[in-house]
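Peer 1: Following is a predicted model, sequence given first.
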Amino acid sequence: MNKDCEKDKDLAVVLVVGKDRSGIVAQISDFLWKEEINIEDISQKIMQGIFVMTMLVDLAGARSDLGVLAPKFEKLGEKTGLSIQIQHHQIFETMHRV
Amino acid sequence: MPLNISLEEIYETYRMTEKEHFDIRAVTLGINLLPCTSDNFSKLCKRVEKKIVTTARQFVKRAEKIDARFGIPIINKRLTITPAALVLSGALTGAAAEDRKRVVAFAKLLDHCAREVGVDFLGGFGALAEKGMSYADQTLVDAIPEALGSTEKICGFINLASSKAGINMRGVAKIGGIIRDLALNSENAIGAAKFVVFANAVSDNPFMAGGFHGVQEADNVLNVGISGPGVVRRTVEAAPRDLPLDEIAEIIKKTAFKITRAGELIGRELARDLGVRFGSLDLSLAPTTAVGDSVGRILEAMGLERVGTHGSTAALALLTDAIKKGGLMASSHIGGLSGAFVPVSEDVGLSEAVKIGALTIDKLEAMTTVCSVGLDMIPVPGDTKTTTISAIIADELAIGMMNNKTTAVRLIPVPGKKAGEMVSWGGLLGEAYIVPLHQENSDYFIWRKGQIPAPVTSFRN
């Protein structure tokens, strides 16, 4: 990992879980675009018919901070019938890496 | 950059915060009030108010910002101060009635400061008196029923024993009456929930009601209390029923490691934001009344039909030790109490076990030899003799003194209630059934007063 270029980034992880159907990625990306959140990485798979997607996003240029975004993601989840959650990237790093 | 965290790890973290109530239970800012001392009481008050308000003005706002940034809830924001008896001692004149009024006024001033800066509680209204009580200590203790009964956010403590000094039995004898008066002086005896008697009290405890800012600490220090009985319960429940106990210890240790790491991250960020020193991290499984957030249930998940039955002490020993080990590996700043709390009224599992008679006062006392604190939040009959309260305290302090550990007592004699009846405080304090006590008295033992000498530290069998 190149630490220098990460300095200005404010990374968060978005987890999307729900029933697989068409247009999920489009709906989420559209929301991120409107909130001016940049997508750094996406991984997605179908586990036993369940759609699971994780996104690494950069909040540095976003319209609002994580505290404001979290309820918005929850609302979007309700609208689209998915479970969508966001959390700061550093939490995962510290919890799962020695 | 690519995401280097696996899906399982991401899901685990979400589950911990969303479903299993993992949270930062308390961020506690310790403030040294010794520079405020004066022989003029009103000058002292002015200095104390200025010091607290200027130091903690941004505290709650900053903590809320960190909460939002990391998405892990910070439940309580608290302050601790230098033990109040030390701060007050120079401003007391020796006229007992006047001085008592000053102590109560000081408590009210602290209560006002706590409201001003928006914290949940302010701890440290107490004294360190394991070897004897100074005039200031005595005056403060005498004023405790009125001071804690007439304030909302102030928590008090007294340290009456240590492994080095023994047990101050004169103080223990006195405090039985103080606890009864405190219970009588507040609605539903709730005042007694804000007062803790300690052996080997620690100076960096972020949890209430026993937190205070020790004199050996730096000026302003942030201590963090992390919790997560729900997370640990879930991992133990998910393990196969025949998994050997060493492997149970291993999974508890790993879970403790993860939650400690997250807690340290948040503590450090907040301390940096506030420009204060990051003190210690206290990983204590502190139950709440939320369903599943129970230490009792963890022990039951290990294979006990009900907490309180035979095997409970062993299960709790395993749990407390595994938590400490996981925490110590995760952070070099582990301090405070660190382990598992067994507060009866705040823990649904313990409370139910008391109701059906599986958990008795004697088993609770045995369990406190291996938990991280002591007899905590135990409602006892309102007509309990003050000497009996003192004797329960003496027993618990003896466990701490002999075993070089912190022990504490927070008993709540509820007026008008008898053993087996329910008492409900609502909120975080929960509800519980009055715990039956032994009926035989301990009067002459307590009336002897004096000091129980410090124990020998080698030749231990």
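Peer 2: Received it, and whenever you're ready, just let me know what you need. Numbers count the residues shown, from 1 in each chain, chains lettered A, B, ... in the order given.
Peer 1: Spit out the contact partners of the residue in chain A positioned nearest to chain B.
Peer 2: Proximity of chain A to chain B (C-beta to the nearest C-beta) peaks at A:Gly67, 2.3 Å away. Placement of C-beta: from N, CA and C, glycine included. Residues in contact with A:Gly67 (C-beta atoms under 8 Å, 6 or more residues apart in numbering or on different chains) are B:65, B:67-69.
Peer 1: go again using 7 Å as the cut-off
Peer 2: B:68-69 (C-beta atoms under 7 Å, 6 or more residues apart in numbering or on different chains).
Peer 1: try B:Thr289
Peer 2: B:346, B:348, B:428, B:430.
Peer 1: How many residues are close by the third one?
Peer 2: Using other C-beta atoms under 10 Å in any protein chain shown, B:Leu428 is surrounded by 17 other residues.
Peer 1: Thought B:Thr288 was touching it, still the case?
Peer 2: Yes: the pair B:Leu428 / B:Thr288 is scored as a contact, 6.2 Å apart, by C-beta atoms under 7 Å.
Peer 1: Overlap in contacts, those two.
Peer 2: Joint contacts of B:Leu428 and B:Thr288 (C-beta under 7 Å, 6+ apart) are B:Glu346.
Peer 1: so how far is A:Leu56 from the residue of chain A closest to chain B?
Peer 2: A:Gly67 is 19 Å from A:Leu56, where distance means C-beta to C-beta, to the nearest Å.
Peer 1: now B:Met377
Peer 2: In terms of C-beta to C-beta, B:Met377 sits 44 Å off from A:Leu56.
Peer 1: Next: B:Tyr444.
Peer 2: 70 Å.
Peer 1: now B:Lys385
Peer 2: From B:Lys385 to A:Leu56 the distance is 64 Å (C-beta to C-beta).
Peer 1: what does B:Asn159 give?
Peer 2: Distance, B:Asn159 to A:Leu56, using C-beta to C-beta: 49 Å.
Peer 1: neighbour count winner among the two?
Peer 2: Legend: neighbour count by other C-beta under 10 Å for B:Asn159 and A:Leu56, higher for B:Asn159 (27 against 22).
Peer 1: So that one lies in a helix, does it not?
Peer 2: No: counting by DSSP: H, G, I helix; E, B strand; the rest coil, B:Asn159 is not part of a helix but strand.
Peer 1: now it, nearest residue through space, not along the chain?
Peer 2: B:Ala201 (4.0 Å; C-beta to C-beta, 6 or more residues apart in numbering or on different chains).
Peer 1: On the pLDDT front, check that neighbour for me.
Peer 2: Note on B:Ala201: pLDDT of 94.
Peer 1: Surely it and B:Ala161 touch.
Peer 2: No: if you go by C-beta under 7 Å, B:Ala201 and B:Ala161 don't touch, sitting 9.2 Å apart.
Peer 1: Out of the two, name the residue with the larger neighbour count.
Peer 2: B:Ala161 (33 against 27).
Peer 1: dump the residue contacts of that one.
Peer 2: Contacts of B:Ala161 by C-beta under 7 Å, 6+ apart are B:130, B:167-168, B:199, B:397, B:400-401.
Peer 1: element containing the residue of chain A closest to chain B, please.
Peer 2: helix A:66-80 (DSSP states H and E).
Peer 1: Could I get the CA-only coordinates of that helix as CSV?
Peer 2: Provided in CSV are the C-alpha atoms of helix A:66-80 (Å, rounded to 0.1, in the frame of the first residue of the first chain):
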residue,chain,number,x,y,z
LEU,A,66,-20.2,9.7,7.6
GLY,A,67,-22.5,10.7,10.4
VAL,A,68,-24.9,12.3,7.9
LEU,A,69,-24.4,9.7,5.3
ALA,A,70,-25.2,6.6,7.5
PRO,A,71,-28.9,7.4,7.9
LYS,A,72,-29.1,8.3,4.2
PHE,A,73,-27.7,4.9,3.3
GLU,A,74,-30.2,3.3,5.6
LYS,A,75,-33.1,5.2,3.9
LEU,A,76,-31.8,4.2,0.5
GLY,A,77,-31.7,0.6,1.7
GLU,A,78,-35.4,0.8,2.7
LYS,A,79,-36.3,2.3,-0.6
THR,A,80,-34.5,-0.4,-2.6
